[in-house]
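Trainee: Next one to model:
(one chain, ligands or ions: 1)
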Amino acid sequence: MAQPALFTSFRMRDVTLANRIVVSPMGMHSAVDGVAGDWHLMHLGQFAVSGVGLVITEAVAVEPRGRVSRCCLGLWNDSQVEGLKRVLGFCRQHGNARFGIQLNHSGRKGSVGTSWEGQKAVAPADGGWELLGPSALAYPGRNLPKVMDKGDIAQAIADFAGAATRADKAGFDLIELHAAHGYLLHNFLSPITNRRDDDYGGSADNRMRFVLEVFDAVRAAFPAGKAIGVRVSATDWIEGGWNEAETVALSRKLAERGCDYMCVSSGGIAPEQKITVRPLYQVPFAEQVRTEAGIPTMAIGLITQAADANAIVGEGKADLVALARGMLYNPRWAWHAAEALGAEADFPVQYDRAHPSMRDSAAFNFYRERKAEG
Ligand SMILES: Cc1cc2nc3c(=O)[nH]c(=O)nc-3n(C[C@H](O)[C@H](O)[C@H](O)COP(=O)(O)O)c2cc1C
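Mentor: Have a look, this model is predicted:
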């Protein structure tokens, strides 16, 4: 019997995912000095045994000023590598999901409290830090960024590459570069935040330059058999902002450079964005990038139903489907989707007695035999 599209495998370079279901990056604001601890062990560990194909960590800062809050994960030193190595080792010991890491620099949106503290700006005098950005334009209510000079740009590129090397040491299969949601890479892409008049600003090609240079440096630093994707905001949802056509153009350039997928999100650059949020509202962006730029895409945003996720893949709108809040609410989402679609998702042996086929012992024996055969 043919597997439903959502449960077919997907390969990027040497990385094969068992199915198309992805746990989307979610900031936990629970690290100390950027080092992963027991919360991350529990949080990522539960997804390792959840039957999904790929789990992507929260946004991990490539340098201290690149954190969103003081409690973000970081990857600029060896203790941070060790922390993530411990978490990944634990996940791999018990589960079969593949693991990606999202690398980020928070740009003009950094130095805020945690989400449960309301993400209010923290001034340098109160333990916050200097922000960086392409131009001296503050996100309303937050600290004013320092305008990055050529030296700062070169340093940021080196920071991303250094973090990519450490991500490999920690054992990740995949890197996702965070170029969405109003953080540094997006700050360069968008004319709302980038008012430079040098070769990193002005024309769309110039605004894309920093992201492409970061991509090239990260690609060079990460083993050729491992995958790299980029998360973008397809549109700023603001008149005169970054838009879908520019997203397609950027995706084409990234595809030519060996990018393995685009995760197509939207918004986040400034509060004046006008978005009508509804189920599947970002899927058309993933479809447009996939069709027009010829690169695999990951759809994200208010995808909660198994039938919808299966149709997104089956109808060629995206290659991968990511869920964030739906996974926090129901970390066994993939099991339920498998049952609804008549497929199998990875199920740890220790939990076999909860498998749907256990409801009928003859079917359970059949399931056990099939599992034993591999
Ligand atoms: C708690 C939480 C933390 C998040 N942190 C990140 C993050 O670190 N990086 C990122 O790209 N998106 C982040 N997001 C956005 C999600 O990855 C996702 O794009 C968004 O929630 C929409 O998907 P959903 O409707 O399935 O939740 C976060 C979302 C949540 C709920």
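Trainee: Would you mind confirming that Gly267 is in contact with Gln273?
Mentor: Yes. The criterion here is Cβ atoms under 8 Å, and Gly267 meets it with Gln273 at 5.1 Å. For glycine as for every other residue, the C-beta is placed from the backbone atoms N, C-alpha and C.
Trainee: Let me know how buried Ala121 is, in neighbour terms.
Mentor: A count of nearby residues for Ala121, using other Cβ atoms under 10 Å, gives 18.
Trainee: sec struct for the nearest residue to it once chain neighbours are set aside, please.
Mentor: When the adjacent residues along the chain are set aside, Ala121 lies closest to Arg142, with 4.4 Å between them (Cβ to Cβ, 6 or more residues apart in numbering). When the structure is reduced to helix, strand and coil (DSSP: H, G, I helix; E, B strand; the rest coil), Arg142 reads as coil.
Trainee: The one 4 residues further on too?
Mentor: Three-state secondary structure (criterion: three-state DSSP) places Lys146 in strand.
Trainee: Tell me the bridge partners for it.
Mentor: On DSSP bridges, the residues paired with Lys146 through beta bridges are Leu132.
Trainee: wait, it sits on Ser135?
Mentor: No. Counting by Cβ under 8 Å, no contact exists between Lys146 and Ser135, whose distance comes to 10.3 Å.
Trainee: So those two - more neighbours on which side?
Mentor: Between Lys146 and Ser135, counted using other Cβ under 10 Å, the more crowded position is Ser135 (17 against 14).
Trainee: what are the phi and psi angles of the more buried one?
Mentor: As for Ser135, its main-chain torsions (degrees, to the nearest 10) stand at phi -140, psi 160.
Trainee: ok, now how distant is it from the ligand?
Mentor: Taking Cβ to the nearest ligand atom, to the nearest Å as the measure, Ser135 falls 23 Å from the ligand.
Trainee: Excluding sequence neighbours, find me the nearest residue to that residue.
Mentor: Across the structure, with Cβ to Cβ, 6+ apart as the measure, the residue nearest Ser135 apart from its sequence neighbours is Arg195 (4.3 Å).
Trainee: Mind checking what secondary structure that neighbour has?
Mentor: Three states are possible here, and by three-state DSSP the one that applies to Arg195 is coil.
Trainee: In this structure it contacts Gly133, no?
Mentor: No. In this structure, Arg195 sits apart from Gly133 without contact. The criterion is Cβ under 8 Å, and the distance is 10.1 Å.
Trainee: Secondary structure element for Leu41, which one?
Mentor: The secondary structure element spanning Leu41 is helix 38-48 (assigned by DSSP states H and E).
Trainee: For the stretch 1-150 of the chain, which residues are neighbours of the ligand?
Mentor: Within the stretch 1-150 of the chain, the positions lying close to the ligand (Cβ under 6 Å from any ligand atom) are 24-27, 58-59, 102.
Trainee: ok, 5 Å please
Mentor: For the stretch 1-150 of the chain, the residues found near the ligand under the criterion Cβ under 5 Å from any ligand atom are 24-27, 58-59.
Trainee: nearest to Ser69, of these?
Mentor: Taking Cβ to Cβ as the measure, Ser69 sits nearest to Gly27 out of these, at 7.8 Å.
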